[in-house]
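**Q** sequence and computational prediction follow.
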Amino acid sequence: MNYSDTIEQSSEYLRMALDHMGRHRIPVDPENYSVWYEYVSGRNEPLKLVIDDVLSKTRSVTPELNKSLYEKYVATDYKQIIKKIRIELRKVLDTILNHVVDTGGELTRFSTMINIYSQRLKDDLDAEAIQKVVEDILVETDAINRSGLLLKERIVASTREIESLRTELEKVKMEATTDALTGLRNRRYLETNFGREAEHALKTGSDLSLIMCDLDHFKRINDRYGHLIGDRVLRTSARMLIDCVKGRDIVIRYGGEEFVIVLPETPLKGAIRLAEHICTYFKTMNWKRKDTEESIGHVHVSLGVSQYRHGESLKSLIARADKALYLAKVSGRCRVTSEEDVFKLDPMS
């Protein structure tokens, strides 16, 4: 989704959306939020009609219903764009096949491969799978172009069309996996790409750890200074987290004031050291409003750390980090705890 609201409009929509989500006990994550953002902004009329109808009858929207509303009325745009790219790509392949026919059937292997790719594009593929097809096609067209068996201008024209579709696909993927406020990767990115990191850890025998980071008492900042200042705190926090990582580390806005840091090739102890560095960094930050230079006090963070166990799901890994984060919160906030700390208190956890 690509929103072009002003800061003032988006801040007001944020306030209204969070009010609805709190009233219906809807977890604050990007997908749930997007449903209520589109509802309060009035940009999605079919969604608004459905929610209004539900509220008139039951006065309640459950988390389960919220998820189905997202899939049906919000995520549809993304799926429709992917479908369009898939259809356009098949048209390009048909054009290439016509070129092959013009050569008198000399390119049997190339023709077979293009047919295979065309058949694959009939399936309801996601963006990652479509991109893999695009890459394979470009390899084939490059090889055939070098062979000189097809008229160069024809194959170049088709290749340009495929390159254009690849660019459009990259743009769609980026928008779908990027948090609009902070510019960080979002929860969708984590869920669709974590498998790669897990596979890398398994193949190389390396460690993989995860940090969950939550801004302490963030609601107080919003309540006292307003959502515009709250948004600035989130953006600054995102930049600070980026400052603390390196290499293949990935910082993700998980939802609300919660962030996740994925740490490839990092054992638990190394992840704990990084979390402690982040905690100290936030403690020493001098937080002021840019417009008035007024101090807004301290913005501290609590952090929970866990290490990946080969074969487990992302949900399981996050659950352990979340337990550690909860322990940090109930222990006074502004501190780091790990799954080992949780285990010491409850060996059955």
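**A** Looks like it arrived, so ask away. Numbers count the residues shown, from 1 in each chain.

**Q** going forward, measure contacts between C-alpha atoms and count neighbours the same way
**A** OK.

**Q** which element is V35 on?
**A** Using DSSP states H and E, V35 maps to helix 30-41.

**Q** chain center to that helix, what's the gap?
**A** Centre-to-centre, helix 30-41 and its host chain are 16 Å apart (CA atoms, centre = their mean, to the nearest Å).

**Q** which strands and helices sit next to that helix?
**A** If contacts are counted by 3 or more CA pairs under 8 Å, 6 or more residues apart in numbering; DSSP states H and E, helix 30-41 sits against helix 7-23, helix 45-57, helix 63-69.

**Q** tell me the mean pLDDT for the last one?
**A** Think helix 63-69. Helix 63-69 comes out with an average pLDDT of 88.

**Q** again with the first one
**A** Model confidence over helix 7-23 averages 75 on the pLDDT scale.

**Q** check which residues of that helix are buried.
**A** By neighbour count with 16 or more other CA atoms under 10 Å, helix 7-23 contains the buried residues S10, S11, E12, Y13, L14, M16, A17, L18, H20, M21.

**Q** touching, the fifth one and V35? I think so.
**A** No: under the contact definition of CA atoms under 8 Å, L14 does not touch V35, with a separation of 11.5 Å.

**Q** in which helix or strand does E170 reside?
**A** Element membership for E170, per DSSP H and E: helix 152-176.

**Q** that should have said R253, apologies.
**A** Using DSSP H and E, R253 sits in strand 250-255.

**Q** mind listing the strands the next helix or strand after that strand pairs with, and their directions?
**A** Downstream of strand 250-255, the next assigned helix or strand under DSSP H and E is strand 258-264. Looking at strand 258-264 with DSSP bridges, its partner strands are strand 208-215 (antiparallel), strand 250-255 (antiparallel).

**Q** could I have stretch 274-294 exported to CSV, CA atoms only?
**A** Taking Å, rounded to 0.1, in the frame of the first residue of the first chain, the C-alpha atoms of stretch 274-294 are listed here in CSV:
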residue,chain,number,x,y,z
LEU,A,274,24.9,-6.2,21.4
ALA,A,275,21.6,-5.8,23.3
GLU,A,276,23.5,-4.4,26.3
HIS,A,277,25.3,-1.9,24.0
ILE,A,278,21.9,-0.8,22.5
CYS,A,279,20.4,-0.4,26.0
THR,A,280,23.3,1.8,27.1
TYR,A,281,23.2,3.8,23.8
PHE,A,282,19.5,4.7,24.5
LYS,A,283,20.3,5.6,28.1
THR,A,284,22.9,8.2,27.1
MET,A,285,20.8,9.7,24.3
ASN,A,286,19.7,13.3,24.9
TRP,A,287,16.2,13.4,23.6
LYS,A,288,14.9,16.9,22.6
ARG,A,289,12.2,18.3,20.4
LYS,A,290,13.7,19.8,17.2
ASP,A,291,11.1,22.5,17.0
THR,A,292,11.5,23.9,20.6
GLU,A,293,14.7,22.2,21.9
GLU,A,294,12.5,21.1,24.8
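
**Q** T178 touches V172, doesn't it?
**A** No: using CA under 8 Å, T178 makes no contact with V172, being 10.1 Å away.

**Q** and the closest residue to E31 other than its chain neighbours, what does it touch?
**A** Leaving aside its chain neighbours, E31 sits nearest to Y70 (6.6 Å; criterion: CA to CA, 6 or more residues apart in numbering). Applying CA atoms under 8 Å, 6 or more residues apart in numbering, we find Y70 in contact with E31, N32, S34, V35.

**Q** from F194, how far off is Y70?
**A** Per CA to CA, to the nearest Å, Y70 is found 22 Å from F194.

**Q** do the same with D207
**A** 14 Å.

**Q** now do L184
**A** Look at L184 and F194: by CA to CA, they are 15 Å apart.

**Q** looking at those two, which one has more neighbours?
**A** Per other CA atoms under 10 Å, whichever of L184 and F194 has more neighbours is L184, with 21 against 14.

**Q** ok and the helix holding V35 relative to helix 7-23, angle-wise?
**A** Taking axes from the mean of the first three to the mean of the last three CA atoms, to 10 degrees, one finds helix 30-41 and helix 7-23 inclined to each other by 110 degrees.
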